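**Student:** Here is a sequence together with a model predicted from it:
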Amino acid sequence: MNLPQLSFYDFAGVFTPAALVALAVAGLIADVYLPRAYVRWVGRFALVGTLLILVMQVILHIARINWRHDMHLGFSDLFAFDGISVFFNYLFLIAAGLTIGMSIPHLEGKEYHRGEYYVLILLATAGMCLMAGAMDLVILFLGLETMSIAVYVLAGLDRKNPKSNEAALKYLLLGAFATGFLLFGMALLYGVAGSTHYPVLKDHLSYIIENPDPRRIMLLAGLGLVLVGFAFKVAAAPFHMWAPDVYEGAPTPITGFMATGVKAAAFAALLRLFLVAFQGEWTLTYNVLYVLAVLTMTVGNLVALAQQNLKRLLAYSSIAHAGYLLVGITALVASPDGASAYTASHAIMYYLLAYLFMNLGAFAVIVAMGRDRRGGDYLDDYAGLSRSRPDLAVLMTIFLLSMTGVPPLAGFLGKFYLFQAAVHNRLYILAVIAVLNSVVSAYYYLRVIVIMYMQPEPARLQPAMLDRNPTLSLVSLVAATMTVVLGLFPSRFLGIVISVLQQVV
Amino acid sequence: MELMDKYLISWIVFLPLLGAGIILLLDGTRQRAIRTVALFAMIASFLVSIQLFLRFDSQLSTYQFVQRVDWIPAFKITYQVGVDGISLLLVMLTTLLGPLVILSSWSQVSDRVKEYHVFMLLMQTGMLGAFAAMDLFLFYVFWELMLIPMYFLIGVWGGPRRIYAAIKFFLFTMFGSVLMLIAIIYLYFYAGNDFDLIVIMNKLMAEPLRVNIQLWLFAAFALAFAIKVPMFPFHTWLPDAHVEAPTAGSVILAGVLLKMGTYGFIRFAMPFFPEAAFQAVPIISVLALIGIIYGALVSMVQDDIKKMVAYSSVSHLGFVMLGLFAFTPQAVSGALIQMVNHGLSTGALFLLVGIIYERRHTRLISEFGGVSKPMPLFAAFFLIVCLSSIGLPGLNGFIGEFLILLGTYTSANPHAKLYAVLAATGVIFAAVYLLWMFQRVMFGPCSKPENQKLKDVNAREILYLAVLLVFIVWIGVYPRTFLSKTQVSVDNFVSFMHSHRLPELPPPAPAETGEEQP
């Protein structure tokens, strides 16, 4: 038997997901032997482990090993170790770290505080890393399912809470449907190209597009179904119906994780699909994405206007943000040349990074509010927060303004980058729709600020009894600092984003 | 000295921010210390800006005291600031009003003093930065940065309907500015990936845009600025914001923020798209005239003094817009000086209204009468400011309005003479509403017992009113000090506009949307 030689890149590429899985297994074992009262040590273990992996990832990055100049494929070209995967590994590790960081205080004393919780987060993160590196539909699917199944369970972990049950069931059923679509689409693509490998797909697809070919219908159907599957994962309208219920019912840190990590993973996969496999100008895909982007932004923002529950509001806002990102994907597809495709990809990556911090930060504030018996799910809970807890109010304001897109915060630069990519590819109307959508979004983000700063604290309630948990403070401070730094001094981060993409295609 | 020159503008812009940083470190209960720090930060910024004014070379039409630092090299975004004759006066106006508003809120604001002053100083940095920015991205950042503090100033320290007013203010302004952002991005690509104002201007001079593209982009810029000015029919946020804002907020809003709109026209919208600007003359002039007359008529029927002053701003800014779009040196100079005048006079009016509101907690004209008896000094200040706002010769308002009317009358634009005649009626209306209000508030029997016990202005109030009065008289008697600084830049602007119309107008075809669809 002729086994392919395994090289350094094979291992460097899968280092992060492999280390995460190992960490998860270790956590699982530790959980069995630790007494119930020490379960938060599993969380701490997972947190420290994630940070260590992050550090190793940085070392790998610095060592660089020429990846800057080349795209390295490992495991018989199934898996890429290149700029995109490195960038997204960072992103997922940070998301996991922040999520675990806010989960430990969130779960304190709760019935469902179990070691599996952290293990599942680690496994989901490993799945995300696989998705970002996948150069083959099979690997992509593997990563997607690893991530999804872990997140299904996480969403329903709060077993005694009917809302959490509803969330998990809904997510599972609809997610299974979407997976079915995705898988069928992949099968059709395989039928067309005879391979699931991206570069092979690309050759076949461009041949079919340029020549009259009976396989065209099959190709388009396959492509459409794959898009449906991803549209579900990123909660793009009209496949977004699950998101608000699931976001509301899931434990708060998990909601944040889903809105940032899961979404980023889906976009990472889409990015690679469109950069490598589905290259070239695709009128049909372009039209579909265009409509999808417009619908997603508009539906998300308009429905968010009417929300009374902050988690639901952020769910709809996250739908809207998926819409902005789809503007980037549309720009990517519309790109006439490699340079504009890069611009669009940079924009998407930068936006995901900015969104990660501002959104997880907002959820960290909700978690902090939830530690008081008043709770933090409803908007009314925030009345007068600027007096009872000015620090939380300031943090929340920073995150919300950043999501609105107010300079000089990260969210502004992200939006600017995305819309710039759209204008660059002559998508003027789309860019105008997108900016008008951010005006609409300003209304509901401002409403939260109004409640915090301009409404008095309800008298019937005790003054807030919030304790200051150091981990939680750290998480929200890191998020806030990054939100400001990414906006004010983005050069370093932009440099990373740009350099990682240099030689991808 | 060399070093000082280079960073002069940055000092002016960021001294208030430095003050805000110091205040953040102070304990919130040390109100006096907070107010003092804020005042000193504002005064320091003003003193540096006097240096700027004195050292400014009025013979040059180019930008001076330019400082350029790379900010986000990936997009060729720079931190680049500088002033020319057009922005110089507005920077001066802003730094002058800064300390005055801090003084005016010395006893008026006692709730959340720390946050209040932080927002005030942040606001100041945002406004100065927007006037000095020479990079379109930087300008946009400062432009949006101003929104947040003002939103909080209105929403937290404002009157009963403050939340409505604050959100309306925010959404209106943001609506305009995001469309401008798209236009800015378009220019960025047109100029070969550069946000630098000079690079963009050079590119636009070398290869002017096609007319229909000019019109679209001009519309995007003009909308943002017209909302800010505000021009009729985008003015509806203004009365709400003014009435609900605390006094200092109103002063800043009227004194500086509205100028941001007119400044945007003269700095960006008009020189970028000269052909479009000329084609827009009829629309802008008619809207400006409607603003002048409508604003004056609505002012006349207000029963709330503050609301009256707010609507009078619509009228006054109408003059400025009319002047800018007359494209004659006199009218543009007049418009520039009128921007400053409006900042001084209307700022003073809001301060005066704030003084009397602090004492009586009402602004309804019917609640007053005969106030000149208990408050003679106040009445004297009020009268002079009213007369300056009306445009009495010898005071500042006259210079601006006269130059605008003269320049408009001599303009080559079609129907310019008619515009000038109609605009002149606005001056008469101004006399009507201001003097009528003054009569009802100040004269007649002082029948209400609350009014009889009113205390006259105290030393602090006299100080900041006197400062404004000095400038009101100065500009009225000897405007050369200020006009001479702007003259070269204005002449340059006007000749530029005339020489950069597109050579041959295409036949008037229905505007095609040539920039659509990839």
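**Tutor:** Looks like it arrived, so ask away. Numbers count the residues shown, from 1 in each chain, chains lettered A, B, ... in the order given.

**Student:** low-scoring pLDDT stretches of chain A, where are they?
**Tutor:** A:1-9, A:63-72, A:74, A:280-283, A:373-374, A:459-467, A:496-505 (pLDDT under 70).

**Student:** so which residue of it comes closest to chain B?
**Tutor:** Nearest residue of chain A to chain B (Cβ to the nearest Cβ) works out as A:V435 at 3.7 Å. For the C-beta atoms, the positions are set from N, CA and C on the backbone; glycine is no exception.

**Student:** Helix or strand: which one has the spatially closest residue to that residue that is not a sequence neighbour?
**Tutor:** Using Cβ to Cβ, 6 or more residues apart in numbering or on different chains and skipping residues adjacent in sequence, the residue nearest A:V435 is B:V178, 3.7 Å away. For B:V178, the host element (DSSP states H and E) is helix B:162-190.

**Student:** What does the pLDDT read for B:G158?
**Tutor:** Note on B:G158: pLDDT of 83.

**Student:** Now for B:G334, how many residues are close by?
**Tutor:** A count of nearby residues for B:G334, using other Cβ atoms under 10 Å in any protein chain shown, gives 31.

**Student:** where's it, which helix or strand?
**Tutor:** Going by DSSP H and E, B:G334 is in helix B:329-360.

**Student:** which parts of the helix or strand containing A:G229 are buried?
**Tutor:** Assigning secondary structure by DSSP H and E places A:G229 in helix A:216-233. Buried residues in helix A:216-233, counting neighbours by 16 or more other Cβ atoms under 10 Å in any protein chain shown, are found at A:219-233.

**Student:** Packing partners of that helix?
**Tutor:** helix A:162-193, helix A:198-210, helix A:263-272, helix A:283-304 (3 or more Cβ pairs under 8 Å, 6 or more residues apart in numbering or on different chains; DSSP states H and E).

**Student:** Give me whichever of those helices is most buried.
**Tutor:** Neighbour counts averaged per stretch over the helices and strands packed on helix A:216-233 are highest for helix A:263-272, at a mean of 26; criterion: mean count of other Cβ atoms under 10 Å in any protein chain shown.

**Student:** which residues are contacting that one?
**Tutor:** For helix A:263-272, contacts defined as Cβ atoms under 8 Å, 6 or more residues apart in numbering or on different chains pick out A:80, A:84, A:88, A:91-92, A:95, A:127-128, A:131-132, A:134-135, A:140, A:143-144, A:147, A:198, A:230, A:233-235, A:318, A:321-322, A:325, A:329, A:332, A:345, A:348-349, A:352, A:355-356.

**Student:** out of these, which are inside strands?
**Tutor:** A:A80 (DSSP state E).

**Student:** re the thing from before, contacts for the helix holding A:G229 next, please.
**Tutor:** Contacts of helix A:216-233 (Cβ under 8 Å, 6+ apart): A:144, A:148, A:174-175, A:177-179, A:181-189, A:191-192, A:205, A:208-209, A:239, A:242, A:262-263, A:265-266, A:269-270, A:273, A:278, A:284-285, A:288-289, A:292.

**Student:** Go again with 6 Å.
**Tutor:** A:178, A:181-182, A:184-185, A:188-189, A:192, A:208, A:239, A:266, A:270 (Cβ atoms under 6 Å, 6 or more residues apart in numbering or on different chains).

**Student:** Show me the two of the residues you listed that sit farthest apart.
**Tutor:** The largest separation in the contacts of helix A:216-233, counting by Cβ to Cβ, is between A:I208 and A:F239 at 26.4 Å.

**Student:** Look up the closest residue to the residue of the stretch 251-400 of chain B found nearest chain A, ignoring the ones flanking it.
**Tutor:** Taking Cβ to the nearest Cβ as the measure, the point where the stretch 251-400 of chain B comes nearest chain A is B:M260, at 15.2 Å. With Cβ to Cβ, 6+ apart as the criterion, B:M260 has its nearest non-adjacent residue at 5.3 Å, and that residue is B:K228.

**Student:** Tell me, how many residues neighbour the one you found?
**Tutor:** B:K228 has 27 nearby residues by other Cβ under 10 Å.

**Student:** For the stretch 201-350 of chain A, what lies in contact range of chain B?
**Tutor:** A:A334 (Cβ under 6 Å from any Cβ of the partner chain).

**Student:** try 10 Å this time
**Tutor:** Counting by Cβ under 10 Å from any Cβ of the partner chain, the stretch 201-350 of chain A comes close to chain B at A:281, A:286, A:331, A:334-336, A:346, A:350.

**Student:** if you look at the residues you listed, which of them are in helices?
**Tutor:** Those of those mapping onto helices are A:286, A:331, A:334, A:346, A:350, per DSSP state H.

**Student:** Point me to the residue of the stretch 151-300 of chain B nearest chain A.
**Tutor:** Taking Cβ to the nearest Cβ, the stretch 151-300 of chain B has B:V178 as its residue nearest chain A, at 3.7 Å.
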